[in-house]
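[1] pasted the sequence and its predicted model underneath.
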Amino acid sequence: MANGGVSMTEIHQLLSVHPGLSDILCMEDAMRFIRLATSLKKHIIHAQKPSYDEVHPPSVLPCEIHQFLGSAMNLSSDFISGCWKAFRQTVWEYDSSEHSSASDAYIFHEHRAMNCLTMHALYPVVTKCNNPLCTAENKVLKATSETGQKIVLFTLEDGACATYHFKLRCSTCETTYHNNYSVHRKVRTYYSGVPEAIEVGKHQFIGRDIVQLFLNLTLFSWTSVSNSATIYNTSLAKPVNQPSQWGFSFNLSSEHIWNGISHLAILEHYEIENRTLVVPHDWNQKDRLVEPIKERNRLFAEKGQPEWAHYCEKCVRFFKDEHGMPQYMVRAIVSDGITIGHPCCNVAHCSEELEHKRKHFCPGQEYLQDVCSVEGCSKSIVSGSMVCNDPEHGDIWRKYQSQNGANFQLKGRLERKNVSNPPDEDTLDQIQKLQDAPDEGIEELTCEQKLAAGIRQLCARFGRRQTHSEQGTCEQLMVRPCGIIVARATFFGSETVPQTVAMLKQVFREPGSMPEYFIYDNCCGVYNHLRATNDPLLDTIGCPVDVFHYDCKHKATDIVCQEHCNPHKFPELVSSNGTWYFNSSKCEQHNAWLGGYHAILREMTAYRYEFLLDELILRKNRMIAKKLDRDGHVPGHIPNLQQYS
């Protein structure tokens, strides 16, 4: 009685009553008909007349369901009628909740002693050795174990499943083949493409569709990986597939999700570049992809996003001559920034990565941790404090310690962080622990705060620095007016005009790629900088201030701004109906989206921070490009411009 309360004997008896069916239907086919019909039970009921009594099955199937079952079972109309006549009472009494993929998996677990068969067993994708250095004549692989390795597979449809991972081995070259990769001499070589199940731990695999779901949750609803793990464990885990004695936890962790996202993104990247991912096999799981991730970070920083050369009717304006022939085109790029960031070296404008996110100085500046934290003081610190033996400096340290645990101080820290979304449980725990660990989570005390607290003249930094300052911006974006994000850059310190100009030149350094207009809230500063440095870029690009900032924040008495950066003086930016052709607010809109990641990103290490931001932007660009195509804006890439040239 394993099939929803229906035994194989009962099905056999039903078939024997209808000899015509038994000639063409096997037991499995009969059971499939029962399952399909049961799944359509509500549709069958709703298709009946109002006077119908749903306690008993109808004598005839509705036409559309009759046709569907015939197509699905590859049976004629007469045989479908015969099946319904034979099995309709069974369908009406069938308990579909007892027969699903989950219950199939449970049956496998109940009988796993027989050859370790499970519903989701994982095997290598190859059956013969593909090592080019192998000299074996017979390259057929052999199993390394008859029982396989116990693992936990996190799936979307069946939850966290107990199953087995079988490995194969070449006896000649001693290459071992796993589900995701092969290993030879402690070197792990991944197969091409992204596997259906991604290895995220020594005994843990996660379905590719689950990783994509978590990425979409982050992309569309700013869900952190820790919250995603909680959602999965509470809503999707399905304990029915979890034997009590398996040896491994069935809880999905945030680190599992991060490893899944990293592997998915890197393997997709390598597939696009037609490369093979090769990493050390004997490294820890958390370190194995660090170098490939940093490599992709550098590539995106230097070359921009894959949609770097994008164009469409919303971000390029074509002008024609009197004969209707194309004469020239006008492109625009919009730039702006937002204050988010990650921990960085306490030395101002130092871009070297921290060894650990809780460190205050990068490896090259670690000696400064023994130097007094008061600005301008170079004396050594007194043991147990962060200041020297100067009495005034000691007073600052004691004042800092006394205020550090106060409620108003904790509230001030949250206000300074400007968290856009409610923090997850991990963030709340960190805030609660601030009293016990005063250095953690503290960006800095501003001079204004110290003056308010009674500290005069002297300024000190006792906490960690973030990549942004109070007056500046961390993430600078270059965006097409259609919404495609071309590039992103992290500014260490305040957003400055020279940094913005340098980013513009870096992003559009390929000949023919520089847009005709650069729209920016401080384009008058850009214009003055280009003119002061005699930069030839000034002769090829227009610098209008975006409309909103020009009308609200730029003085009419600024002659340079009025003469050279007034957007109203650039007729190519105005449509024939008097409206603005390009949407100069796209950066502002993207900043509202990026602001939602503040709580997720602010405690990440630098390489993870950059990697996740780039991946989210990449996926958002894909979504925008698809919408532009659906809306008929003809998206494409500018001819003769290659991203990775």
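    Received it, and whenever you're ready, just let me know what you need.

[2] just the buried positions in the longest strand along the chain, please.
    If you go by DSSP state E, the chain has its longest strand at strand 326-338. Neighbour-count burial for strand 326-338, counted by 16 or more other C-beta atoms under 10 Å, picks out Val330, Arg331, Ala332, Ile333, Val334, Ser335, Asp336, Gly337, Ile338. C-betas here are computed from N, CA, C, even on glycine.

[3] and those, which is closest to Asn241?
    Nearest to Asn241 out of the buried residues of strand 326-338 is Ile338 (C-beta to C-beta; 43.0 Å).

[4] beta-bridge partners for that closest one, please?
    Glu475 (DSSP bridges).

[5] correct me, but it touches Asn591?
    Yes: Ile338 is within contact range of Asn591, at 4.2 Å (criterion: C-beta atoms under 8 Å).

[6] which neighbours do these two share?
    Counting by C-beta atoms under 8 Å, 6 or more residues apart in numbering, the common neighbours of Ile338 and Asn591 are Leu477.

[7] show me what the helix or strand that the longest strand of the chain is followed by is packed up against.
    Where DSSP states H and E defines the elements, the next helix or strand beyond strand 326-338 is strand 343-344. Identification of packing neighbours for strand 343-344 by 3 or more C-beta pairs under 8 Å, 6 or more residues apart in numbering; DSSP states H and E yields strand 465-466.

[8] so Cys173: helix, strand or coil?
    Following DSSP: H, G, I helix; E, B strand; the rest coil, Cys173 is assigned to coil.

[9] tell me who's in contact with it.
    Cys129, Asn131, Leu133, Cys134, Thr135, Ala136, His184.

[10] tell me the pLDDT at the last one?
    His184 carries a pLDDT value of 95.

[11] so it makes contact with His178?
    No: contact status for His184 versus His178: not in contact, 11.6 Å apart, counting by C-beta under 8 Å.

[12] of those two, who's got more company?
    His178 (23 against 18; other C-beta atoms under 10 Å).

[13] give me the neighbour count for the residue nearest to the more buried one when sequence neighbours are not counted.
    Setting aside the residues directly before and after it, His178 is nearest to Lys167 in space (C-beta to C-beta, 6 or more residues apart in numbering), at 5.6 Å. Residues lying near Lys167 (other C-beta under 10 Å) number 20.

[14] could you report the pLDDT at Lys167?
    91.

[15] ditto for Cys372
    Model confidence at Cys372 (pLDDT) stands at 91.

[16] repeat for the one 3 residues further on
    The score at Glu375 is 83. That number is its pLDDT.

[17] residue contacts, it?
    Glu375 neighbours (C-beta under 8 Å, 6+ apart): Leu458, Cys459, Ala460, Arg461.

[18] of those residues, closest to Val279?
    Arg461 (37.9 Å).

[19] ok so, going back, and which of the buried residues of strand 326-338 is nearest Ser575?
    Val330 (12.1 Å).

[20] Val200 belongs to a helix?
    No: the assignment for Val200 is strand, going by three-state DSSP, so no helix is present there.

[21] tell me how far it lies from Arg288.
    According to C-beta to C-beta, to the nearest Å, Val200 stands 11 Å off from Arg288.

[22] ok, His633 next?
    41 Å.

[23] what sits closest to Ala47 if chain neighbours are left out?
    Ala47's closest residue in space is Pro62 (C-beta to C-beta, 6+ apart), at 3.9 Å.

[24] could I get the pLDDT score of that neighbour?
    87.

[25] okay, now it: neighbour count?
    Residues contacting Pro62 under the criterion other C-beta under 10 Å number 16.

[26] got the contact list for the residue minimising distance to the centre of the chain?
    Central residue of the chain (C-alpha atoms, centre = their mean): Leu215, 3.9 Å from the mean position. Neighbouring residues of Leu215 by C-beta under 8 Å, 6+ apart: Ile261, Leu264, Glu615, Leu616, Arg619.

[27] make it 10 Å
    Thr223, Val225, Ser228, Ile257, Gly260, Ile261, Leu264, Ala265, Leu612, Glu615, Leu616, Arg619 (C-beta atoms under 10 Å, 6 or more residues apart in numbering).

[28] which of those residues fall in helices?
    Those of the contacts of Leu215 mapping onto helices are Val225, Ser228, Ile257, Gly260, Ile261, Leu264, Ala265, Leu612, Glu615, Leu616, Arg619, per DSSP state H.

[29] coming back round to it: for the longest strand of the chain, list the C-alpha coordinates in PDB.
    Coordinates of each C-alpha in strand 326-338 appear next as PDB, following Å, rounded to 0.1, in the frame of the first residue of the first chain:
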ATOM      1  CA  PRO A 326      21.600  58.400 -40.900                       C
ATOM      2  CA  GLN A 327      23.800  61.400 -40.300                       C
ATOM      3  CA  TYR A 328      25.200  60.900 -36.800                       C
ATOM      4  CA  MET A 329      24.300  59.500 -33.400                       C
ATOM      5  CA  VAL A 330      24.400  60.900 -29.800                       C
ATOM      6  CA  ARG A 331      25.200  58.800 -26.800                       C
ATOM      7  CA  ALA A 332      24.900  59.800 -23.200                       C
ATOM      8  CA  ILE A 333      26.200  58.300 -19.900                       C
ATOM      9  CA  VAL A 334      24.900  59.300 -16.500                       C
ATOM     10  CA  SER A 335      27.000  59.100 -13.300                       C
ATOM     11  CA  ASP A 336      26.300  59.300  -9.600                       C
ATOM     12  CA  GLY A 337      27.200  57.600  -6.400                       C
ATOM     13  CA  ILE A 338      25.900  56.200  -3.100                       C
END
